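> Give me a 3D structure for the following:
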Amino acid sequence: MIFSRLVVPLLSMWFFGNLYEQIVWNPQLPADPRPGSLVGVFAAGSPIYYYLPWGPLGVVLAVVTRAPWPALGCLAVSVMAKILLITQVNPVFRDAAVTRAVVHDHAVLWAFGNGVVVVSVAVAILLIQRARPIGSARR
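Down below sits the predicted model:
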């Protein structure tokens with residue numbers, strides 16, 4: 001099935017978006033926590049372009065193509081962690097009224113949560129790759 005061949009590239013886009021965030025953005029914010037300094041949701045440089053629609057589409061295709069249960073479990077952890085981070089932690093970074101200490105604490109929380117996402121998506125990709133031998137298409 002052609003859709004099974006799209007799962008890993010789509011999840012890889014999500015993985016590398018999170019990895020970029022972990023390596024580049026996450027160390028900067030705790031070092032210089034400036035309230036209200038986060039780039040706009042749809043502005044150039046926003047990581048949303050790494051997630052939408054690629055991450056959700058990759059997760060849906062992993063489910064549809066019957067990825068192994070452990071891989072789906074890792075993806076579930078990733079999705080839940082990202083939902084919590086985006087809805088509960090991210091808004092603090094755009095709030096110009098919060099203190100630098102609050103931004104710093106939320107940046108540390110984001111870094112740890114995003115680290116969980118990076119690792120769990122990487123493990124899911126590896127499990128999916130391992131379940132599909134080279135040269136064979138899963139039907």
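
> Show me what the helix or strand where residue 124 lies packs onto, helices and strands only.
Here residue 124 sits within helix 100-131, counting by DSSP states H and E. Here helix 100-131 touches helix 2-20, helix 26-31, helix 69-84, helix 90-94, going by 3 or more CB pairs under 8 Å, 6 or more residues apart in numbering; DSSP states H and E. The C-beta positions use only the backbone N, C-alpha and C, and glycine is treated the same way.

> who does the third one touch, helix- and strand-wise?
Pointing back at helix 69-84 there. helix 54-64, helix 100-131.

> so which of the ones you listed comes closest to residue 37?
Comparing the helices and strands packed on helix 69-84 against residue 37 with CB to CB, the closest turns out to be helix 100-131 (8.3 Å).

> Give me the mean pLDDT for that closest one.
For helix 100-131, mean pLDDT rounds to 95.

> Buried residues of it, list them for me.
103, 105-107, 110-111, 113-114, 116-125, 127-128 (16 or more other CB atoms under 10 Å).

> Take the helices and strands packed on helix 69-84 and write them to JSON lines, including distance to residue 40.
Below are those laid out as JSON lines (distance: least, CB to CB, whole Å):
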{"stretch": "helix 54-64", "distance to residue 40": "19"}
{"stretch": "helix 100-131", "distance to residue 40": "17"}
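
> what helices or strands is the worst-scoring helix or strand of the chain on mean pLDDT leaning on?
When each helix and strand of the chain is scored by mean pLDDT, DSSP states H and E, helix 48-51 comes last, with a mean of 71. Secondary-structure packing of helix 48-51 (3+ CB pairs under 8 Å, 6+ apart): helix 2-20.

> which residues sit in contact with the residue positioned nearest the centre of the chain?
Nearest to the geometric centre of the chain sits residue 18, at 4.6 Å (CA atoms, centre = their mean). Shown in contact with residue 18 (CB atoms under 8 Å, 6 or more residues apart in numbering): 47, 50, 114, 117-118, 121.
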